[in-house]
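Engineer: model this:
(chains A and B)
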Amino acid sequence: MVELLAQTGLNAIYAAAYMSLIAVGLVLVFGVLGVINFAHGELFMIGAYVVVAIYADFQMPYVLAAAAALVFVGAVGILMERTMFGPLRDNPLGGLVASIGFLLILQALVSVQFGVRMEHVPPVTQDVIVISEKVRLPVQRLAVIIASIVFLSLLWIFLRKSKFGWALRASAQDREAASLQGISITRISIIAMFIGGALAGIAGALTAPLISVNPHMGHSVIVAAFIVIIVGGVGSLEGAVVASIAYAFVHTIITTFWDGVIADIVGLALMLAVLIIKPTGLFGTADRA
Amino acid sequence: MFANFLGKSQTRRKFLGSASAFAGFSALSSALPGRALAQGEPIKIGFLAPLTGPVAGWGKPGLDGVQIWAEWVNAAGGINVGGESRMFEFISYDNEYDPSKARTGATKLIQEDGVKFIMMLGGDTWAGVQPVADRTGMLFSTLLNSDLGPETTTLLAPAESHPVYNVTGVEWMAENYPDLKTAVMCAQEDALGLPSVATYLAAFEAAGIEMLEDPILFDWETTDFAPIVTRMLSSDPDIVSLDTCYPDYVHPIMEQLFQQGYSGQVISCTADFYGQIIEKTSVEFVEGMIFQFPDFDDPAMNQDFINFQNPNKFWEVYNERYPGQWGAVSWEYASIMDIWSAAAVEAGSVEPDDVLSTLLASGTGKHAFGDASWWGEDLFGVDHTLLGNWPVVRIEGGKARIKEFRSVPAWYDKHGEILKKHMRAYGQMPDQR
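Structural biologist: Now for the predicted structure:
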């Protein structure tokens, strides 16, 4: 039983790691732009396909492919801001609808270019850290955990220590006041979309060798990401990380000891409970709820 | 119509190679028209299956295969129906494995395209299509005989009798590896997974293999299989059954089994694209995996009782055109068309009623894996499954090898009541669906 609990804990840490990357990006975009980006799951998918193209198809180094995914998907985020969210800045519903349309476009483009079938991504390494006979941590999964910690730490430092980070946080708190202080909302929105896209892209790139890569894979993460940001508090980066960890542990433990379908139901019930008891989420503030 | 087949991966050279391969397609020759026959309208056949989404792996490869079949038959002049030479034209509709889209597709194929027969994967999508079948009397085929019931009067399962044939793999494994005594299982919770779960449970019970816990059912959206594999391995099973998981699930589950240190027996309905599984794990890890779908270059496919025409050449052309994409369904829709076209020739008609009555008239048919009988009354309330032998396949040295063709009806005669018990427990009997 101890080994089962330990392996379950490792599984949950991995799930929390990549879910945090996705959820934090989604929260950041909502906080700054005020838009619910339904295409965020597809940005995750694009990141995985960059790895398919560069690492699996062209057989270039995986690290290069992951870096390219980060930059490319960040650029896709900028494209979304310039073509959709920017022009629709005063129309949050319009941004939401546009993101749904963009989601379908991304799926179609990937389907046309790569086909609809599952893509094969060779393992980067098959090394496994054997803690005991039944407690093992594949190095690929460890890399996802470490990379997530590194990227989230860098984001935290950027937001707390840099001029752009301060401006970004100010815009997230009160866009009008920030604008009156001379902060360019357009520039900040572009930065937020780049970071949000890049985080989703790197999450897709990191997990591509570990999951089934297909044009519809974004669906599977976006529901969980929305649960996480609602529980954590819409607009709260800290809340997204804490909720990701909580959700990953709850979901993994229930899947392991009971049932995966029940785990999904519990996740949704958790979200409903938070909405009823504390509609702002665990770390959210009333003006963003 | 040929232009439709010349996609970007299809060169003129390849096409001519495929067409020339038809020279060896001898057994259909009796059905092929002579030069003096009048040229009739092309026969339009509907292909209503998932071509996108997570189940596309059991749709698109089948469409690819049936298009090779059409090229071969059309290159030889089509078939002789009532004194007319008739070519084939396939019209596909992507139902995305969604019942409502399947219903829309069936209606469109019948009313707008004027098809004479519709091939489906079945499963969850059949529920959407059945009202259309009832209303129009269109003849449909499914790969899942678990779709059948007394009310499915125009639905046939002529090629794949999923999930019933899965019993042959378990039976063969139990006879050849009697030390394997305990098992665990996981499956997605849907119309493909659940009847297969019931079938594996029956097969394990009949073979004296103990289930260590109830089958683990998971949601469609599952991407991380580590928790499921951790739980399965926690009870130290001799056997892990992957039921009829989709390829998108089989691969990550196999990778997790490998990474979490499992070294026991794996049995699965399918192991599509198993070369990729080997690349994700190792030849040694996949060695001995048992499943139910052979490669058609297998020497065992050249035995006299095999009715699928020129399987080695079909495999060669398919893999030349779609490298690494051979899967469970690559040959199945072509096999269905062999059976359907033979009936149309015999009936002298392509009308659904005529073909259906001709197909069922003798009670027997030429299944791809040998002569078989229309079966299913006892389990599904209708004899609409063409059932006989089914291959047991084992991966040896990184290559799928047929170990034996086993009789499914013979197993059912001995253990049918066990299967019915488990089908009922999972709500899969016709009166429960």
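
Engineer: So what's the predicted local confidence for the closest residue to residue B:82 other than its chain neighbours?
Structural biologist: Leaving aside its sequence neighbours, residue B:82 sits nearest to residue B:348 (Cβ to Cβ, 6 or more residues apart in numbering or on different chains; 4.0 Å). All C-beta atoms are positioned from the backbone trio N, CA, C, and that covers glycine. Note for residue B:348: predicted pLDDT of 95.

Engineer: now the one 3 residues further on
Structural biologist: As predicted, residue B:351 sits at a pLDDT of 95.

Engineer: For it, list the residues it contacts.
Structural biologist: Listed by Cβ atoms under 8 Å, 6 or more residues apart in numbering or on different chains, the contact partners of residue B:351 are residue B:116.

Engineer: from what I can see the residue nearest to residue B:82 touches residue B:81, true?
Structural biologist: Yes - Residue B:348 sits in contact with residue B:81 when judged by Cβ atoms under 8 Å, with a separation of 6.3 Å.

Engineer: Would you mind telling me which of these two has the busier surroundings?
Structural biologist: residue B:81 (21 against 13; other Cβ atoms under 10 Å in any protein chain shown).

Engineer: Can you report how many residues lie near residue A:195?
Structural biologist: Residue A:195 has 24 neighbours, counted by other Cβ under 10 Å.

Engineer: Likewise for the one 4 residues further on?
Structural biologist: Neighbouring residues of residue A:199 were enumerated by other Cβ under 10 Å; the total is 32.

Engineer: now do residue A:133
Structural biologist: Neighbours around residue A:133, by other Cβ under 10 Å: 8.

Engineer: Need the residues that contact the helix or strand of chain A with the lowest mean pLDDT.
Structural biologist: Using mean pLDDT, DSSP states H and E, helix A:175-180 stands out as the lowest-scoring helix or strand of chain A, at a mean of 82. With Cβ under 8 Å, 6+ apart as the test, helix A:175-180 has contacts from A:32, A:34, A:167, A:170-171, A:185, A:188.

Engineer: can you put these in CSV and add distance to residue B:90, pLDDT and secondary structure?
Structural biologist: Listed next are the contacts of helix A:175-180 as CSV, based on distance: Cβ to Cβ, whole Å; pLDDT from 0 to 100; DSSP: H, G, I helix; E, B strand; the rest coil:
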residue, distance to residue B:90, pLDDT, secondary structure
A:32, 50, 84, helix
A:34, 49, 82, coil
A:167, 59, 87, helix
A:170, 60, 84, helix
A:171, 55, 83, helix
A:185, 54, 84, helix
A:188, 54, 89, helix
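
Engineer: which of those has the most neighbours?
Structural biologist: The most crowded member of the contacts of helix A:175-180 is residue A:32, carrying 29 neighbours; neighbours defined as other Cβ under 10 Å.

Engineer: Excluding sequence neighbours, find me the nearest residue to that one.
Structural biologist: Distances taken as Cβ to Cβ, 6+ apart place residue A:192 nearest to residue A:32, at 3.8 Å, with adjacent residues excluded.

Engineer: could you say which helix or strand contains residue A:35?
Structural biologist: Following DSSP states H and E, one finds residue A:35 outside all helices and strands.

Engineer: burial of it, as a residue count?
Structural biologist: Residue A:35 has 25 nearby residues by other Cβ under 10 Å.

Engineer: So it is in contact with residue A:95, correct?
Structural biologist: Yes - assessed by Cβ under 8 Å, residue A:35 is found in contact with residue A:95 at 3.8 Å.

Engineer: what's the overlap in contacts for these two?
Structural biologist: With contacts defined as Cβ under 8 Å, 6+ apart, the residues adjacent to both residue A:35 and residue A:95 are A:85, A:88.

Engineer: Look up which helix or strand the closest residue to residue A:210 other than its chain neighbours falls in, please.
Structural biologist: Sequence neighbours aside, residue A:140 is the residue nearest to residue A:210 in space, at 5.9 Å (criterion: Cβ to Cβ, 6+ apart). Element membership for residue A:140 (DSSP H and E) is helix A:139-161.

Engineer: quick one: residue A:163 from residue A:187, how far?
Structural biologist: From residue A:163 across to residue A:187, the span is 12 Å (Cβ to Cβ, to the nearest Å).

Engineer: which one of the two has more residues nearby?
Structural biologist: residue A:187 (13 against 8).

Engineer: if we can go back for a sec, report the secondary structure state of the residue nearest to residue A:32.
Structural biologist: With DSSP: H, G, I helix; E, B strand; the rest coil as the basis, residue A:192 sits in helix.

Engineer: For it, list the residues it contacts.
Structural biologist: Residue A:192 is in contact with A:28-29, A:31-33, A:81, A:168, A:171, counting by Cβ under 8 Å, 6+ apart.

Engineer: What ranges does the stretch 301-433 of chain B have for its strands?
Structural biologist: Taking DSSP state E, counting those that start in this stretch as the criterion, the stretch 301-433 of chain B contains strands spanning B:364-367, B:370-375, B:385-387, B:389-396, B:399-407.

Engineer: List the contacts of residue B:127.
Structural biologist: Residue B:127 sits in contact with B:99, B:191, where contact means Cβ under 8 Å, 6+ apart.

Engineer: mind checking the SS state of it?
Structural biologist: Assigned state for residue B:127: helix (three-state reduction, three-state DSSP).
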